[in-house]
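Using only what follows, build the 3D model:
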Amino acid sequence: MHQHLGLIYALSAYLWWGIIPIFWKQLDHVPSIEIVAHRMVWACAFVVLLIVISRQWKEFRTLLFHWPSLWRLTIASILVTTNWAIFIWAVNNENIVETSLGYFINPLISVFFGMLFFGERFRKVQILALVIAGLGVAVMVAATGGLPMISLSLAITFALYSVMKKKVSMPASHGLAIEMLVTLIPAGIYLFFLQSSGEASFGMNLYTNTLLVLGGLFTLVPLLLFAAAAKRVSMTTLGMTQYVGPTCQLLIGVMIYGEPFGGITLLAFGFIWVALIIYTSDQLTLQTKRRRERRRKEKAQP
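Residues are numbered from 1 along each chain as shown. Reported below is the predicted structural model:
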């Protein structure tokens, strides 16, 4: 039951991230930077409220003075804010397919950063997967005459965000609250300037106001679902379910919003998908070997 509940949480988180472009599309009349600022402010308000309601304020307050974690979370905050800005701009400028490519590439970028920052060694199969993924990117470059900057920017910023979060040990809600507090002041100043100059979208109508506030809540919910899943299922299970998100984004971009998907783009995706199949198969094989090794050692014990 514990594992099944964890799988439900994981699928729910990635499904939420997968269909979120539909929500942001409803705000395509609002500048992307203003959406991001509201997202930071309201996400901060909701997560702090959650901490207060769950009576964890005292524990959270002590973390505010843990400097080794604070500087990492500050960098993480800048990275995730950049990621959000790129994603929302791309969604509202008819580039949902390219955002999905970025999140398909993300696991492979994470493998590379694991070697770069944590001294993890590449296995031959991982190198093969990276080379094939590189061919997919090369196809996009040859076809468009430039790098798929949206995809690469999303993949790299989120992978770097994961690197910073990996070095911080604290409850998900506490870490997210600190990240949001870091950006609260600049976001608040920007929104105050917009309101005072009469250029703000907030106050335009009840529909827009409601969506901007809900953007903060919709930021918080999948992160909490993911944190709950991570405590209950293996990294392999999380790795398998993470493809739900970009798959949904791809289907939404093509089938709902009519973005082009064929020819060179399909070929590039094909290389990425092959790389992901090789990478995921290797992860499953490695996990199975480790499980068998643990069982063998347990049986060998007197």
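
Neighbours of the nearest residue to residue 170 once chain neighbours are set aside, how many?
Among residues not flanking residue 170 along the chain, residue 63 sits closest, at 5.8 Å (Cβ to Cβ, 6 or more residues apart in numbering). The C-beta positions use only the backbone N, C-alpha and C, and glycine is treated the same way. Applying other Cβ atoms under 10 Å, we find 18 residues neighbouring residue 63.

What of residue 262?
8.

what packs against whichever strand or helix holds residue 44?
Residue 44 belongs to helix 32-53 when assigned by DSSP states H and E. Packed against helix 32-53 by the contact rule (3 or more Cβ pairs under 8 Å, 6 or more residues apart in numbering; DSSP states H and E) you find helix 67-91, helix 172-197, helix 206-230.

Give me the most central residue, the chain.
residue 158 (5.8 Å; Cα atoms, centre = their mean).

Same question for stretch 110-130: list its buried residues.
110, 111, 112, 113, 114, 126, 128, 129, 130 (16 or more other Cβ atoms under 10 Å).

Start and end of that stretch, how far apart?
Using Cα to Cα, to the nearest Å, one end of stretch 110-130 lies 11 Å from the other.

that older thread, beyond the helix holding residue 44, next helix or strand please.
For helix 32-53, the succeeding helix or strand toward the C-terminus, using DSSP H and E, is helix 57-63.

rounded to a whole number, what's the mean pLDDT of that next one?
In this model, helix 57-63 has a mean pLDDT of 84.

Identify the residues contacting the residue nearest to residue 170.
Taking Cβ atoms under 8 Å, 6 or more residues apart in numbering as the contact definition, residue 63 lies against 69, 170, 174, 178.

Report the separation between residue 19 and residue 244.
10 Å (Cβ to Cβ, to the nearest Å).

Kindly report the same for residue 275.
Residue 275 is 18 Å from residue 244, by Cβ to Cβ.

what about the two, which has more around it?
For residue 275 versus residue 244, neighbours defined as other Cβ under 10 Å are more numerous around residue 275 (24 against 19).

which other helices and strands contact the helix or strand where residue 14 lies?
Residue 14 is part of helix 2-25, with elements assigned from DSSP H and E. Contacts defined by 3+ Cβ pairs under 8 Å, 6+ apart place helix 2-25 against helix 67-91, helix 206-230, helix 235-241, helix 244-251.

so which of these comes closest to residue 186?
helix 67-91 (9.3 Å; Cβ to Cβ).

between the closest one and helix 172-197, how big is the angle?
Going by axes from the mean of the first three to the mean of the last three Cα atoms, to 10 degrees, helix 67-91 is angled at 60 degrees with respect to helix 172-197.
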